[in-house]
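Engineer: Sequence and predicted structure below; questions after.
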Amino acid sequence: MLELQALLHVPYIELYNGFDISPKRTKVAFSWNRAGQWEIYELSLSGTEAPQQVSRGRGAKFAPKYSPDGCRLAYALDLDGSESYHLVVHDLEGGSVHDMTPDIPFALQPNFAWSPGGTEIAFLSDRSGCFSAYVMSADAPRPWGEGSQSEATTRRLMLETGRPAWEVKWSPDGRWLAVVTEGPGQDFNIHLVAAKGGEAHLLADKNGALNAGEPAWSPDGKKLAFAADPHGHYDIGVLAVETLEITWLTTGDGDKTTPAWSPDGERLAYVLSQGAQTRLAVQAAGKVPRHFCIEPGIHHRPAFAADGKHILFGFESPRQPPDLWSLSLADGNFQALTDSLPEALREAPFVMPEEITYPGMDGTPIPALLYRPPQAGRHSPAVINIHGGPDWHFSFHWNPFMAHAASRGWTVLAPNYRGSTGYGRAWQNANRLDLGGVDTRDCAAGAHYLIGKELTDPRHIAVTGRSHGGYLTMTCLTQYPDLWAAGSAVVPFLNWFTAQENSRADLRHWAIENLGDPEENHELWRERSPYFFLERVCAPVQLICGENDPRCPPSESLAAYDRLGELGREVDLKLYEGEGHAFLKTENVTDAEMRRVDFLAKALE
């Protein structure tokens, strides 16, 4: 059996906020929890030195970005798990470290961009109540007093749309900012904003605003590549900035995302996703793409090296934690640049999942990953593991919980229910205004599938999930109480009304877009809030939450714990102080997952 504690102590590279290659393309900076805390590391691309830790001090550091001269490194700092990031600039030559946003009473996104001259930084802040785009001086920090001379001369508002902004990229010629904001529903929009100020241009085609994101400027700043889904799946488009004309580099099935330009501006690298696996692709306009794949797994954020002949990217799989890799375009060979997996686990018997579909309650095929342990049989325990988001999906990621569960003989089914990404626009939007409805039924149908296929003992099926998956764990327990032997909800919410009151403004916006106005749709909001139906719960319940969670406030779990106790139900609660939605401390991640497995094991074994 794979020991869960050993798996949870395996370090890995944080890839969702990205890594950065230095301007001369001789080094790469990235966030790594190598010693149990998220710090910034640098690695020479010459291959002659081991990675060197750059950052120190308290808090978790993410999203490193080099200044244009390569002498400074900026990164996002999360001090308490609340995702109220600070922006820090580290002088790589002198060693000084400046918090550019000290004592701010508002939050920043971890996405920011240096100006080409290195004198300013574009960043995203919710100081007005909604994340908007600003530019500030990259010099030493100054007070943030409202209306002060310092405020007026060193920070200025660039774009405010009334919808939360998520990403900003500065063009290499210094003329434009590309800002990604939320759109209607679960869409995103790209706005072009003149760096000197002026009216913003919304990226659109003849049918209107595009659902688009992941902007990437060409080296000369004259073109902007992006990912958008005008045909139902994401394709790579290229915008000519002067004419606003869009051409499409890709067509066909699958999602193409995270474009990156070659140094000569002639080719683009991107990720091709088909179902739960991905490949790398490199393509020039009008040419057939070349595809590359290490093994079944997930390839992240390709970036060209200086010679244009190598690509740096992240990779992970169910038996490989996220690491940095290099691809040689000349011979197709791959090389690991970081190596997080301990020697003792290299030959470990990891179970690779199967991509399957099973019938939903209305007969619709539901895609899923099935972890089928070799010793599984009719009386094996089973777990339905529900992903969060909901605009996300389970794929061939590194997942210690599922690896351990399968190794101990549990069958694990991970549904990509209606509302998941990765299967086209229609599938992602299929639970809009129906959250807690069709997605709950799709997850519960997974239990019926396992029973029908005699893959489990119907008396020993548990349900668990994180974030929106924790919410769906509770809707499963209240809507289908007789199916489950136990349920573990990690950082869940249970009451749409109170979660809305206690969440950040940008998160409240998302809820209204996807479940409607709470006053106009009051009955729907109540019906889809499992808190109001906890008397239906039959199985033992576990609730795990973080003190500073801005997404699913701990008050949700505390209220449910009290109510379940009043009802005489078996309930277990663990609140982690100093943690937020995604636990940052390795010891807390380990403790929480060990508690979850131990709780489920009592019911399943």
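Structural biologist: Perfect, thanks for sending it. Worth saying up front: this structure is predicted, and the values here are computed from it rather than measured.

Engineer: Not counting sequence-adjacent ones, nearest residue to T464?
Structural biologist: Sequence neighbours aside, S488 is the residue nearest to T464 in space, at 4.2 Å (criterion: C-beta to C-beta, 6 or more residues apart in numbering). C-beta here means a position set from N, CA and C on the backbone, and glycine is covered the same way.

Engineer: got it, and L534?
Structural biologist: Leaving out its chain neighbours, the residue that sits closest to L534 by C-beta to C-beta, 6+ apart is R563, at 5.2 Å.

Engineer: Confirm the one you found sits in a helix?
Structural biologist: Yes - if the criterion is DSSP: H, G, I helix; E, B strand; the rest coil, then R563 is within a helix.

Engineer: Contact partners for the residue nearest to T464?
Structural biologist: Neighbour list for S488: 462-464, 473, 541-542, 544, 596, 599-600 [criterion: C-beta atoms under 8 Å, 6 or more residues apart in numbering].

Engineer: check contacts around G437.
Structural biologist: So G437 contacts 431, 528 (C-beta under 8 Å, 6+ apart).

Engineer: CA atoms of whichever helix or strand Y471 is part of as CSV?
Structural biologist: For Y471, the host element (DSSP states H and E) is helix 468-479. Taking Å, rounded to 0.1, in the frame of the first residue of the first chain, the C-alpha atoms of helix 468-479 are listed here in CSV:
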residue,chain,number,x,y,z
HIS,A,468,-17.6,23.1,-4.8
GLY,A,469,-16.9,19.3,-4.5
GLY,A,470,-17.5,19.7,-0.7
TYR,A,471,-20.8,21.5,-1.5
LEU,A,472,-21.8,18.6,-3.8
THR,A,473,-20.8,16.1,-1.1
MET,A,474,-23.4,17.7,1.1
THR,A,475,-26.1,17.9,-1.6
CYS,A,476,-25.5,14.2,-2.2
LEU,A,477,-25.8,13.4,1.5
THR,A,478,-29.1,15.4,1.7
GLN,A,479,-30.7,14.5,-1.7
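
Engineer: Please name every helix or strand in contact with that helix.
Structural biologist: strand 382-386, helix 438-452, strand 461-466, strand 486-490 (3 or more C-beta pairs under 8 Å, 6 or more residues apart in numbering; DSSP states H and E).

Engineer: Rebuild the ones you listed as CSV, extending it with distance to G254.
Structural biologist: Below are the helices and strands packed on helix 468-479 laid out as CSV (distance: least, C-beta to C-beta, whole Å):
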stretch, distance to G254
strand 382-386, 24
helix 438-452, 22
strand 461-466, 26
strand 486-490, 31
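
Engineer: Could you export these as TSV, including mean pLDDT?
Structural biologist: What follows is those, written out as TSV (pLDDT from 0 to 100):
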stretch	mean pLDDT
strand 382-386	98
helix 438-452	97
strand 461-466	98
strand 486-490	98
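
Engineer: which residues of the stretch 51-200 of the chain fall in strands?
Structural biologist: Secondary structure of the stretch 51-200 of the chain (DSSP state E, counting those that start in this stretch): strands at 52-53, 60-66, 72-78, 86-91, 97-99, 108-114, 120-125, 132-137, 155-159, 165-170, 176-182, 188-194.

Engineer: so which of those comes closest to H379?
Structural biologist: Checking the strands of the stretch 51-200 of the chain against H379 by C-beta to C-beta gives strand 60-66 as the closest, at 42.8 Å.

Engineer: Per-residue pLDDT of G252, please?
Structural biologist: We have a pLDDT of 89 for G252.

Engineer: For it, what is the enclosing helix or strand?
Structural biologist: Using DSSP H and E, G252 is not contained in any helix or strand.

Engineer: how about the helices in the stretch 501-605 of the chain?
Structural biologist: 505-515, 522-527, 554-566, 586-604 (DSSP state H, counting those that start in this stretch).

Engineer: Can you redo the strands of the stretch 51-200 of the chain as TSV, where the extra columns are distance to W325 and mean pLDDT?
Structural biologist: Below are the strands of the stretch 51-200 of the chain laid out as TSV (distance: least, C-beta to C-beta, whole Å; pLDDT from 0 to 100):
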stretch	distance to W325	mean pLDDT
strand 52-53	19	96
strand 60-66	18	98
strand 72-78	22	98
strand 86-91	25	96
strand 97-99	30	95
strand 108-114	23	97
strand 120-125	29	97
strand 132-137	32	96
strand 155-159	35	93
strand 165-170	24	98
strand 176-182	26	97
strand 188-194	28	97
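
Engineer: who wins for proximity to H468 among the ones you listed?
Structural biologist: strand 176-182 (16.5 Å).

Engineer: in the helix holding Y471, what's buried?
Structural biologist: By neighbour count on 16 or more other C-beta atoms under 10 Å, the buried set for helix 468-479 is 468-479.

Engineer: Which residue ranges make up the domains of the chain?
Structural biologist: 1-99, 103-202, 231-238+247-337, 347-604 (automatic domain parsing).

Engineer: export those domains to JSON lines and tack on distance to K222?
Structural biologist: JSON lines is the format used below for the domains of the chain (distance: least, C-beta to C-beta, whole Å):
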{"stretch": "domain 1-99", "distance to K222": "18"}
{"stretch": "domain 103-202", "distance to K222": "8"}
{"stretch": "domain 231-238+247-337", "distance to K222": "8"}
{"stretch": "domain 347-604", "distance to K222": "29"}
